[in-house]
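Visitor: The following comprises the amino acid sequence and a computationally predicted model.
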Amino acid sequence: MGKDVIIACDFAGRNETLDFLGLFVGKKPFVKIGMELFYAVGPEIVCEIKNRGHKIFLDLKLHDIPNTVGKAMKVLSNLNVDMCNLHASGCSEMMRAALSGLTRPDGTRPLLIAVTQLTSITPQMLKTELLINSSMNDTVISYAKNAAACGLDGVVCSPLEAGVVHNACGTQFITVTPGVRFAGGDVGDQARVTTPERARELGSDYIVVGRPITASDNPVSAYERCIKDFVSEV
Ligand code: C5P
């Protein structure tokens, strides 16, 4: 599995996003388009960024009844993104409907990844608000196994869980891991975080990095630091 850094383009508008991507002269980073940008601008921002030569992870985290998710995925399959996702907590029938909806008539489809537990969720929240008595690792592993059994390609989890997911589901099962911060960086609303270098050691396949790059004084050098620490063998 080739490792890569995905930049979370959590911006509120088209111009801000394209100005940001314009900083990366001669480079085409893999980008994540999430709810904020997609809801603000609409599907055309996906096509515009794709046409500029970027790979796209469309992070809309679908979570609804199987019929609704399956039909929504069918619509998203026309956007020609490389990766999209849903919540594993929607359960197996929903994940199978999503996979079927996403698969185009010619049999091709984007990668489909299931969110296990958001990286902002703490073990305490798991217990007291979600009423899940299993540990964070066991919960993530169980959701990952369900996703794998439904034929999905991988999961979103914290880098801290990447190793146990690979042990449970195999090394080909993709781990996409947000919750990445440089040592000493601002954690913000994330709870289960680690550095790009540690994420590599733990076996993440893709790190998703937002504010440490987008809010940096020098986004290009912050991105290059992520590539060096996460992708390059030292
Ligand atoms: O700015 P930051 O690096 O925290 O951005 C992380 C990105 O990854 C955000 O766009 C967030 O929506 C997304 N994400 C996450 N945890 C998940 C799934 C997605 O933080 N489990």
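Guide: Done, it's in. Residues are numbered from 1 along each chain as shown.
Visitor: so who does the residue of the chain found nearest the ligand touch?
Guide: Closest approach of the chain to the ligand (CB to the nearest ligand atom) occurs at residue 210, with a separation of 2.5 Å. Any C-beta I mention is one placed from the backbone N, CA and C, and that applies to glycine too. Residues near residue 210 by CB atoms under 8 Å, 6 or more residues apart in numbering: 7-8, 10, 32, 178.
Visitor: Any stretches of this protein with poor pLDDT?
Guide: 1, 233-234 (pLDDT under 70).
Visitor: Check which residues of the longest helix anywhere in it are buried.
Guide: Using DSSP state H, we find that the single longest helix of the chain is helix 136-149. Neighbour-count burial for helix 136-149, counted by 16 or more other CB atoms under 10 Å, picks out 136-137, 139-141, 143-148.
Visitor: repeat for stretch 64-84
Guide: By neighbour count with 16+ other CB under 10 Å, stretch 64-84 contains the buried residues 64, 66, 69-70, 72-74, 76-77, 79, 81, 83-84.
Visitor: Need the residues that contact it.
Guide: Here stretch 64-84 has contacts from 30, 33, 43, 46-47, 50, 55-60, 62-63, 86, 90, 93-94, 96-104, 109-113, 176, using CB under 8 Å, 6+ apart.
Visitor: Quick check: residues of this structure near the ligand?
Guide: Within the chain, the positions lying close to the ligand (CB under 6 Å from any ligand atom) are 8, 10, 34, 59, 115, 118-119, 156, 178-179, 188, 190, 208-212.
Visitor: Now, of the residues you listed, which are buried?
Guide: Listed as buried from the residues of the chain next to the ligand are 8, 10, 34, 59, 115, 118-119, 156, 178-179, 190, 208-212; burial here means 16+ other CB under 10 Å.
Visitor: re earlier: and the buried residues of helix 136-149 as JSON lines, adding distance to residue 128?
Guide: Formatted as JSON lines, those follow (distance: CB to CB, whole Å):
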{"residue": "136", "distance to residue 128": "13"}
{"residue": "137", "distance to residue 128": "18"}
{"residue": "139", "distance to residue 128": "14"}
{"residue": "140", "distance to residue 128": "18"}
{"residue": "141", "distance to residue 128": "21"}
{"residue": "143", "distance to residue 128": "19"}
{"residue": "144", "distance to residue 128": "23"}
{"residue": "145", "distance to residue 128": "25"}
{"residue": "146", "distance to residue 128": "23"}
{"residue": "147", "distance to residue 128": "25"}
{"residue": "148", "distance to residue 128": "29"}
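Visitor: Many thanks, we can stop here.
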